[in-house]
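Chemist: I would like to see how this sequence folds:
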Amino acid sequence: MKKWAFVSDFDGTISKKDFYWLVIETYYPEGKGLYKKWKAGEMQDIDFLSQVFQSIDQHEEQIIQDILSLPIDEHVPSFIKKVQENGGDFYILSAGTDYYIHHILNHYGIQHVPVFSNKGYYEKKNVHLSINENHKHYSRRYGIDKSKVISDLKEKYEVVYFAGDSEPDSHPAKVADLTFAKDALQELLKENNVPFVAVESFQQIEDFLHEKGTI
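Modeler: I've put the predicted structure just below:
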């Protein structure tokens, strides 16, 4: 069994903005109404995202340019290196899509980071999701069940850390050995009595792990 892994959500945790908000604000203002329906529980998460991503109507060069404009936590690339240099494996776990995550990783030269997410691809001026309902990590609500991914990783590692920021992250937080929580996730975990470390950045996560002698 390997020593440890660090698993991070992407939208709002590594990136400072969710990709779906970039699409809504740039190309799909009707998405604000859809967002309200989603938050009211009238839509599944994966159905909301699918509809937003299929409403871009731009050539792929423009979509990639937009993806690369997403701001990320500036400390993430060096943090990932620190994890890898200290015997840990870094993973990204997202209920969005790997389509934009891979473009971001390539842009920042980040290597050896497996991505668990919904498969995405470009076709006819939009981004589409390819959901395999027979996959062992399948979730009807999110496309991918983050809790199942963390459970699988715990079979391989002695310790699995997790970082997230929002409701979909409240489920894997219950399975991980220790969760670093940003933004809305902090209140959600408090309500459910799930232990966590409150953070605002990857610098704070690194400082915490440094104090514990992990990195």
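Chemist: Check whether Y91 really touches F10, as I assumed.
Modeler: No. Y91 lies out of contact with F10 (Cβ atoms under 8 Å); the separation is 10.7 Å. For every residue, glycine as well, the C-beta is placed using N, CA and C.
Chemist: neighbour count winner among the two?
Modeler: Legend: neighbour count by other Cβ atoms under 10 Å for Y91 and F10, higher for F10 (26 against 19).
Chemist: Surely that one and D98 touch.
Modeler: No. With contact defined as Cβ under 8 Å, F10 and D98 do not form a contacting pair (9.2 Å).
Chemist: what do those two both touch?
Modeler: Residues touching both F10 and D98 (Cβ atoms under 8 Å, 6 or more residues apart in numbering): S117.
Chemist: and the gap between E123 and A176?
Modeler: Noted for E123: a distance of 35 Å to A176, by Cβ to Cβ, to the nearest Å.
Chemist: out of the two, which sits in the busier spot?
Modeler: Between E123 and A176, counting by other Cβ under 10 Å, A176 is the more crowded of the two (26 against 9).
Chemist: so who does the residue nearest to the more buried one when sequence neighbours are not counted touch?
Modeler: Closest residue in space to A176, ignoring its immediate chain neighbours: F162 at 3.6 Å, by Cβ to Cβ, 6 or more residues apart in numbering. Contact analysis of F162 by Cβ under 8 Å, 6+ apart lists 6-9, 93, 150, 169, 172-173, 176, 178-180.
Chemist: got the contact list for the helix or strand V149 falls within?
Modeler: Following DSSP states H and E, one finds V149 within helix 146-154. For helix 146-154, contacts defined as Cβ under 8 Å, 6+ apart pick out 5, 7, 9, 91, 93, 95, 116, 136-137, 139, 160, 162, 168-169, 171-172, 174-177.
Chemist: run the last query once more with 10 Å
Modeler: Outside of helix 146-154, the residues within contact range by Cβ atoms under 10 Å, 6 or more residues apart in numbering are 1-2, 5, 7, 9, 89, 91, 93-95, 116-117, 135-139, 145, 160, 162, 164, 168-177, 179.
Chemist: buried sites along it?
Modeler: Buried residues in helix 146-154, counting neighbours by 16 or more other Cβ atoms under 10 Å, are found at K146, S147, K148, V149, I150, L153, K154.
Chemist: Can you lay out those residues as CSV showing pLDDT?
Modeler: As requested, the buried residues of helix 146-154 are arranged in CSV below (pLDDT from 0 to 100):
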residue, pLDDT
K146, 98
S147, 98
K148, 98
V149, 98
I150, 98
L153, 98
K154, 98
